[in-house]
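# Quick one: sequence plus predicted model below, questions after.
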Amino acid sequence: MTDSGRRTPIRVLLAKPGLDGHDRGAKVLARGLRDEGFEVIYTGLRQTPEMVASAAAQEDVDVIGLSILSGAHMTLVPRIVELVREAGMNDVLISVGGIIPDADVARLKAVGVAEIFGPGTSIGEVARYFREHARPGD
């Protein structure tokens, strides 16, 4: 609890894994989530799965948001989930945003992704989902 009696802000790590060089959406989401009261750490472009998992552990986050537009989601996301879980971060909510074909949604959820946010998802929808499903430590 904070001094005012409220829960600590939900900590969100936003990452751009792989070679995708388009980060405008991730930056807009980062700012929007901050405006919604979240604590946001943005790792920047071209992160390896190991870099994402390491940053998540170091920052003690409640949520990992992966932004992928490159089509490499079926390679990168399962590896990130595996590394995060191997590190003992079993209660960290992992979500993916970007261009994800419908055929891959069930496969990503099967490996441990909580939710997929496609184009047109509002910041409010993402914030609401994180508030309802993340487990911030106090």
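That came in fine, so what should we check first?

# I'd like to know how far residue 61 sits from residue 88.
Going from residue 61 to residue 88 by CB to CB, to the nearest Å gives 13 Å. All C-beta spots, glycine's among them, are computed from the backbone N, C-alpha and C.

# Those two: which is more packed in?
residue 61 (25 against 9; other CB atoms under 10 Å).

# My reading is that the more buried one lies in a strand. Confirm?
No - counting by DSSP: H, G, I helix; E, B strand; the rest coil, residue 61 is not part of a strand but coil.

# Going forward, count from 40.
Taking 40 as the first residue, the last one we looked at is residue 100.

# Could you pull up the residues touching it?
Residue 100 sits next to 50, 51, 52, 80, 131 when contact means CB atoms under 8 Å, 6 or more residues apart in numbering.

# for residue 64, same thing?
106, 108, 136, 137.

# In the chain, which helix is the longest?
Counting by DSSP state H, the longest helix found in the chain is helix 112-125.

# Which elements pack onto that one?
Applying 3 or more CB pairs under 8 Å, 6 or more residues apart in numbering; DSSP states H and E, we find helix 112-125 packed against helix 88-98, strand 102-107, strand 132-137, helix 141-149.
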